[in-house]
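A.B. asks: show me how the following folds:
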Amino acid sequence: MKEFEYVVDENRFVCQIDPTIDGVRITGCRGTGTRLSLPEQVFRGEEMYVVREIGKKAFLGNRGLRSVEIPVSVRTIGDWAFAQCEQLEGVSGLARDVIFGNGVFMGSNHLEHIIIEETHIDDLSILLGTTIYKMPSEDLLRDSERGTTHWYQKWDQRLLSFLQEEDVEGYTDLVLCGEEDIQRSEPEYVSDKRRRKAGLCLCRLKWNCLLESEVEKIYRQYLLEHTKGSESEEAWEYMIQEHGDDLEYYRLFAKVGCVREDNIDAMIQDLGGEHAEAKSYLMQYKQEQFGTKDVFDQFLL
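C.D. replies: Predicted structure coming up:
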């Protein structure tokens, strides 16, 4: 099929007219835009065609791409269409029945949300984003039951299985396959895995649509076992690394019970001078919850 270019703003979308899909397939893009809005319709001469598909590897390796809006007319997104888009943070506008190929977002490890139809970020969009690199469970992305009660249950079952998995599991295989950086030790691998588990627990507790109470208790317990002052502190390390001064997560962390009288001073010290808002919040929390009004506390800020 002959390709042609369709220009939108400063971007040139490479297109193919394909009668078998009753419209156009976008196979690539030539441009430097970091935030793309794909066209729903394209014109070839006087003829108008509806965009129905994003082709295989269409945006593969586009390292500058940060967000993309995909029209609801798109029915299929081909294999590896947005793979290795290292800065991609969000995808929006997708039709509920869109079909994803294999590895569509493989290696796009900054992806935060995938919005299906809705124009705002919600529980489903966040949890879909986590299936790409934090779980990972790409089959949940391709699942036709996305957003149903059964889908949320499957998401939680996948996380529960991940929590039960031995932290060292997978390290030997990665090394033998040559996929693991030889500079990375087994303890570092284990810590990274615990941080990922903690991050998923935090995410699900924050975006808790249809979360069953017994499952919620398990997530809370994992965080409690890995907070500051525990034998391993990866939940607290994850908080600092990934959420910086995002006070919503600090409030959640405190609500779970991870911020205690015996560890809050160490937490404040860990925040140093880089996270002033979070540090201020913990100082205030300390005074309100534990009745501490030391006049010298102000100097910790």
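A.B. asks: quick one: low-confidence ranges for the stretch 201-301 of the chain?
C.D. replies: Residue ranges of the stretch 201-301 of the chain with pLDDT under 70: 292-301.
A.B. asks: do that again at 50, thanks
C.D. replies: 295 (pLDDT under 50).
A.B. asks: can you give me the helices for it?
C.D. replies: All helices of the stretch 201-301 of the chain, identified by DSSP state H, counting those that start in this stretch, fall at 213-225, 234-238, 247-256, 264-271, 276-290.
A.B. asks: ok, the residue nearest to D79 when sequence neighbours are not counted - contacts?
C.D. replies: Counting by C-beta to C-beta, 6 or more residues apart in numbering, D79 lies nearest to G101, which is 3.9 Å off, once chain neighbours are set aside. Heads up, the C-betas are built off the backbone N, CA and C, glycines and all. Contacts for G101 (C-beta atoms under 8 Å, 6 or more residues apart in numbering) come out as K56, T76, I77, G78, D79, W80, A81.
A.B. asks: next, the contact list for D122, please.
C.D. replies: I115, W207, C209.
A.B. asks: if we use 10 Å, what do you get?
C.D. replies: H113, I115, I116, G147, W207, C209 (C-beta atoms under 10 Å, 6 or more residues apart in numbering).
A.B. asks: hey, what's E5 bridged with?
C.D. replies: V14 (DSSP bridges).
A.B. asks: which parts of the stretch 101-250 of the chain are strands?
C.D. replies: 113-116 (DSSP state E, counting those that start in this stretch).
A.B. asks: next, format the helices of the stretch 201-301 of the chain as a markdown table and append distance to Y6 and mean neighbour count.
C.D. replies: Listed next are those as a markdown table, based on distance: least, C-beta to C-beta, whole Å; neighbours: other C-beta atoms under 10 Å:
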| stretch | distance to Y6 | mean neighbour count |
| --- | --- | --- |
| helix 213-225 | 46 | 15 |
| helix 234-238 | 43 | 23 |
| helix 247-256 | 41 | 17 |
| helix 264-271 | 50 | 18 |
| helix 276-290 | 45 | 16 |
